[in-house]
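the following block contains a protein sequence and its predicted model.
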Amino acid sequence: MCAVGGLCVAFGALLAPAHAAPAGSVIGSTASATYGAAGVARSVLSDTAPVRVDELLDVAASGLDAGPVTVRPGPAVLRFVICNTGNGPEHFVLDAVTAVAGNGFDAGADGIAIDSNGNEAYDAGINAILPAPATTPSLAADGTQAVFVLLTFRAGSPMAQPPKST
């Protein structure tokens with residue numbers, strides 16, 4: 001689910017453990033069987049077969065702003081971190097979704113920038129704005145990249161309305 005000014009990652013994903021074998025590596029696979037014969041427990045192992053590890057694709061996006069973010073008319077920056085939780089290097093296409101059903105915000109997405117200097121603060125003219133489509137640099141398995149969603153809130157925009165009770 002994406003919130004106003006939220007960051008959505010356009011990417012289908014499969015679950016992968018954080019320390020999966022790297023994509024393309026060859027690992028050994030051995031089967032075992034335990035059984036009983038004439039009241040005696042027995043076990044047997046197969047020969048070890050080489051298996052090439054497929055690439056697992058997964059990504060996580062988390063907000064870096066603690067708690068609610070106060071917005072006023074004018075520019076605003078929301079901070080996120082993208083983590084490649086798959087087992088191979090990947091580029092991710094990002095999209096800022098500002099129109100979310102059920103709220104009264106009216107924000108314009110001005111762009112997505114990467115944290116070029118690693119300080120987790122947006123620095124205009126220093127942090128690189130990603131050209132459309134907003135694609136991250138290649139992230140290694142378990143690699144992260146801080147990104148900024150650049151927004152504009154227009155004067156007179158309706159803000160979120162309190163829930164109605166019935």
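Now that the structure is in, tell me what you want to look at.

let me see the ranges of the strands in the protein.
Using DSSP state E, the strands found in the chain span residues 6-10, 26-29, 32-37, 40-45, 49-52, 59-63, 74-84, 93-97, 107-114, 134-135, 144-153.

which of these sits closest to I126?
Closest to I126 of the strands of the chain is strand 107-114 (Cβ to Cβ; 9.2 Å). C-beta here means a position set from N, CA and C on the backbone, and glycine is covered the same way.

just name the most buried of the strands of the chain.
strand 144-153 (a mean of 20; mean count of other Cβ atoms under 10 Å).

please name the bridge partners of the residue most central in space within the chain.
Nearest residue to the geometric centre of the chain (Cα atoms, centre = their mean): A60, 2.7 Å. As for beta bridges, A60 partners with C83 under DSSP bridges.

name all residues that make contact with it.
82-83, 85 (Cβ atoms under 8 Å, 6 or more residues apart in numbering).

of the strands of the chain, which approaches G125 most closely?
Here strand 107-114 is closest among the strands of the chain (Cβ to Cβ), at 10.4 Å.

which residues sit against that closest one?
Against strand 107-114 from outside (Cβ under 8 Å, 6+ apart): 4-5, 7, 71, 75-76, 94, 96, 98, 122, 127-130, 134, 136-137, 145-154, 157.

mind checking how far the residue located most distally from the centre of the chain is from T136?
The centre of the chain is farthest from one residue, A38, which by Cα atoms, centre = their mean lies 54.9 Å away. Separation of A38 from T136 (Cβ to Cβ, to the nearest Å) stands at 62 Å.

again, but for H91
H91 is 6 Å from T136, by Cβ to Cβ.

helix or strand with the lowest mean pLDDT in the chain?
Using mean pLDDT, DSSP states H and E, strand 6-10 stands out as the lowest-scoring helix or strand of the chain, at a mean of 44.

quick one, what contacts the closest residue to P50 other than its chain neighbours?
Of all residues not flanking P50 in the chain, V26 sits nearest, at 5.0 Å (Cβ to Cβ, 6 or more residues apart in numbering). Residues near V26 by Cβ under 8 Å, 6+ apart: 50-53.

now those residues in CSV, with distance to A107?
Formatted as CSV, those follow (distance: Cβ to Cβ, whole Å):
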residue, distance to A107
P50, 52
V51, 48
R52, 46
V53, 42
